[in-house]
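Student: With the sequence up front, the predicted model follows.
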Amino acid sequence: MNSNLEDLYIFSEVVEAGSLTAAALKLNIPKSKISRRLAALEVQIGSSLLIRTTRKQRLTESGALLYQRSVEHLKALALVEEEVGSLISKPRGQLRVLLPSEFLSRLISELIAEFSLLYPEITLCCSHYPGVLPELSENYDLTFVLHEHDLPDSSWIARSLMSIPQSIYVSNVYSFNNSNVRLCASSVGQSLDPETLGEECCVLNTGEQQWLFRDHQKIQSVPVKGRVQLSSPEMRIEAAVRGLGLLKLPDYQCEAEVRRGALKELKLTIPPLAQELSVLYQSRTLPVKVRVFLDYFQNHIGRLYSIVR
């Protein structure tokens, strides 16, 4: 409280306690301090507030008016302070989370459902976005992003959560443009130089123009082209299965098609750059509702690792 508000609070306590002595005991502050604060309030108001005798006290007309007008506001403020304190100590309120639409939607849904059962006073509002990097918005407490490049500089805090291996996949019905690539792809033990992939037709994400590969500490970029661009991973997989081009996706997303023989992994001299999962938030000082969600997510991230590895 600022000094004026504190003086009003002390004044109301004196009125309700019936004396300075009783108020001092209730507030656990010296009676002399209460006298000084009341005197300062009277100077600020420009009028006496209390008439005190050795036996009792009574309000002046100004004091009665001030008490009547201020007491409900002071009680409302005390209630707000209590509610804010509860927010700080107990997870509650609305938590807004933005998630990439293509990332383990079923498992994430399970984690969210379990979290909601554990914290029934948190209202969890999750939205999804297509593509790679969304525009950061203060409308969300947490924004999860999948990315290969370093995240752009911003005032937001970024925490890396996990790396997700990726591979290049091809269908048996795809017609290679480069005969050498076709021979290597069909030969056991042969590995392709990623540069050769630029000659082939690829099934691309919306706006995708290059594929990145990691050569030790160096990142190699290969320009790619294709006849279809699809934001949905499921649609890209289906297009690749039907022979529309090579496909780059996290391994866990293509596992079923590889098992049934619809796709196979191309062996490369250097691997594609792993996809990173990071979470972004606006301040290092997190509300308790945000902190418990992040802690819960990280404590259960092993379930994600068991799928993406």
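Tutor: Alright, I've got the coordinates.

Student: ok, then the element right after the longest helix seen in the chain?
Tutor: Secondary structure assigned by DSSP state H gives helix 61-89 as the longest helix of the chain. Once helix 61-89 ends, the next helix or strand along the chain (criterion: DSSP states H and E) is strand 93-100.

Student: tell me what the longest helix of the chain is packed against?
Tutor: helix 3-17, helix 288-299 (3 or more Cβ pairs under 8 Å, 6 or more residues apart in numbering; DSSP states H and E). Bear in mind the C-beta positions are built from the backbone N, C-alpha and C, glycine included.

Student: Restricting to C-alpha, output the longest one in CSV.
Tutor: Right, the one you point to is helix 3-17. C-alpha atoms of helix 3-17 as CSV (Å, rounded to 0.1, in the frame of the first residue of the first chain):
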residue,chain,number,x,y,z
SER,A,3,1.2,5.8,2.6
ASN,A,4,-2.3,7.3,2.0
LEU,A,5,-3.9,3.9,1.6
GLU,A,6,-2.1,2.6,4.7
ASP,A,7,-3.3,5.6,6.7
LEU,A,8,-6.9,4.9,5.6
TYR,A,9,-6.5,1.3,6.6
ILE,A,10,-5.2,2.2,10.1
PHE,A,11,-8.0,4.7,10.5
SER,A,12,-10.7,2.1,9.7
GLU,A,13,-9.1,-0.3,12.1
VAL,A,14,-9.1,2.3,14.9
VAL,A,15,-12.8,3.0,14.2
GLU,A,16,-13.7,-0.7,14.3
ALA,A,17,-11.5,-1.5,17.3
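
Student: Just after that helix, pick out the following helix or strand.
Tutor: Immediately after helix 3-17, counting by DSSP H and E, sits helix 20-27.

Student: The helix or strand just after that following helix: which residues count as buried?
Tutor: Where DSSP H and E defines the elements, the next helix or strand beyond helix 20-27 is helix 31-45. Across helix 31-45, burial judged by 16 or more other Cβ atoms under 10 Å covers 34, 37-38, 41-42, 45.

Student: Please render the residues you listed as TSV that adds distance to L133 to the earlier fields.
Tutor: Converted to TSV, those look like this (distance: Cβ to Cβ, whole Å):
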residue	distance to L133
I34	59
R37	55
L38	59
L41	56
E42	61
I45	57
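
Student: Closest one to S278 out of the residues you listed, please.
Tutor: R37 (51.6 Å; Cβ to Cβ).

Student: My guess is that closest one contacts D7. True?
Tutor: Yes - R37 lies in contact with D7 (Cβ atoms under 8 Å); the separation is 4.9 Å.

Student: ok, back up a step: give me the mean pLDDT for the longest helix of the chain.
Tutor: Per-residue pLDDT values across helix 61-89 average out to 78.

Student: What residues sit buried inside that helix?
Tutor: 63, 66-67, 70, 74.

Student: can you list those in JSON lines and add distance to Y296?
Tutor: JSON lines is the format used below for the buried residues of helix 61-89 (distance: Cβ to Cβ, whole Å):
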{"residue": "G63", "distance to Y296": "53"}
{"residue": "L66", "distance to Y296": "49"}
{"residue": "Y67", "distance to Y296": "48"}
{"residue": "S70", "distance to Y296": "43"}
{"residue": "L74", "distance to Y296": "38"}
